[in-house]
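Q: I would like to see how this sequence folds:
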Amino acid sequence: MPPLVTPSIQSKDRIQQAVALARDDKPSYAQLYPFLEGLFMLQAAVRETMSPALPVLDPVRLRTQREAGFPMIRRWEFPLDLDGAEVILKEVEAYLPADNTLLRAAHGELSEVVFRSRDQREELWRSFLHHDWEPWEEWFGAEDVDLASLIFLARGCLRPSLEKTADELLKKLPVTDDWGRGYCPVCGSLPSLLVMEGEGARRCCCSWCGALWPVPRFLCPECDNRDHASLGYLVVEAEPHYHVQYCELCRAYFKQIDARERLYPPLLPLEELTTLHLDLLAQGAGWRQPPSPSPVVYGRDSRRVDAEKPV
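A: Model prediction:
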């Protein structure tokens, strides 16, 4: 199987191929595929034209931060392509599921607010990079819009900026096997997925910027528990390539894909949103989905809304 690649270098052909395979493998998500394929294709088109204005980072300082366990930048420090975000916002409307009234209403509200807030354009979009407070409430009334749908759409529009920036930063300072931590070396976020590949090596995919990094096989990304006796797995017999790792110490769970016998590498953003049944399984068994920001980097008071997936 070819190696995993970050979302920032996924080709349009690869997206179409992955969606076609998923339609056959997981038909229960049939209503989502037109929307997800449309969204991913729009994101890919925006990424192709981006040249993010990277923050000025001293290479020596970066290496010192890496050795001390600090990420390269914080979530709210990412440069943003606002024109690209608004292209996605406009064109994704054609792909919104007809029966998802919450998502469609959130899209209408976000589009209207973006249109009438041109003098505060940067502030509006940057509000969605925060997690420990809710600055978007300056523009949106919480009672008028589904926040999970709103945040999902806004961050989906910003995602190419995050992925492209992470890719460019990792070119400057590639992550090595000695990183060994459960949070992203670029932005300090927890993984959305764990992936087994090769001879049993395991990598994380960042829930925020899509970066990939290696981790030990026995590790809870949230609390750094490495005791195999308190790390377990939930398995769906009909889907042997999917597992849920849970930690008995912090009660967190993470979805894991075994990609070792796959002919094609998984498209990780697609896998994240077409394994929602694994979230239901884990949460039904009493395990909790941790927020995206790592508590080691950002503290333990991160808003729970950050982990919502409204689709």
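Q: same for the longest helix anywhere in the chain, what does it pack against?
A: For the chain, the helix with the greatest residue count under DSSP state H is helix 147-172. The criterion is 3 or more CB pairs under 8 Å, 6 or more residues apart in numbering; DSSP states H and E, and the helices and strands that helix 147-172 contacts are helix 33-48, helix 82-91, helix 101-116. (C-beta placed from N, C-alpha, C; glycine too.)
Q: So what's the gap between it and the chain middle?
A: In this view, helix 147-172 has its centroid 8 Å away from the chain centroid, taken as CA atoms, centre = their mean, to the nearest Å.
Q: Mind listing what's buried along the strand ranked longest in the chain?
A: Taking DSSP state E as the criterion, the chain has its longest strand at strand 239-247. By 16 or more other CB atoms under 10 Å, the buried positions in strand 239-247 come out as Tyr242, His243, Val244, Gln245, Tyr246, Cys247.
Q: same deal with stretch 80-96?
A: If you call a residue buried by 16+ other CB under 10 Å, then stretch 80-96 has these buried ones: Leu80, Asp81, Leu82, Gly84, Ala85, Glu86, Val87, Ile88, Leu89, Val92, Leu96.
Q: Dump those to CSV, plus distance to Cys157.
A: Converted to CSV, the buried residues of stretch 80-96 look like this (distance: CB to CB, whole Å):
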residue, distance to Cys157
Leu80, 10
Asp81, 10
Leu82, 9
Gly84, 8
Ala85, 4
Glu86, 7
Val87, 8
Ile88, 4
Leu89, 5
Val92, 8
Leu96, 13
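Q: ok so, going back, output the contacting helices and strands for the longest strand of the chain.
A: Under the contact criterion of 3+ CB pairs under 8 Å, 6+ apart, strand 239-247 touches strand 231-236, strand 253-258, helix 276-284.
Q: residues near Ala30, how many?
A: Using other CB atoms under 10 Å, the number of residues around Ala30 comes to 10.
Q: mind pulling up the phi and psi values for it?
A: phi -50, psi -40 (degrees, to the nearest 10).
Q: neighbours around the nearest residue to it once chain neighbours are set aside, how many?
A: Once flanking residues are discounted, Ala30 sits nearest to Arg23: 6.9 Å by CB to CB, 6 or more residues apart in numbering. Residues near Arg23, counting by other CB under 10 Å, number 14.
Q: again, but for Val19
A: By other CB under 10 Å, the residues close to Val19 number 20.
Q: swap in the one 10 residues further on?
A: One way to gauge burial is a neighbour count; for Tyr29, by other CB under 10 Å, it gives 18.
Q: I figured it was touching Phe35, is that so?
A: No - the criterion here is CB atoms under 8 Å, and Tyr29 misses it with Phe35 at 10.2 Å.
Q: what about the spatially most central residue of the chain, distance to Ala98?
A: Nearest to the mean C-alpha position of the chain, by CA atoms, centre = their mean, lies Ser207 at 2.9 Å. Between Ser207 and Ala98 the computed distance is 28 Å (CB to CB, to the nearest Å).
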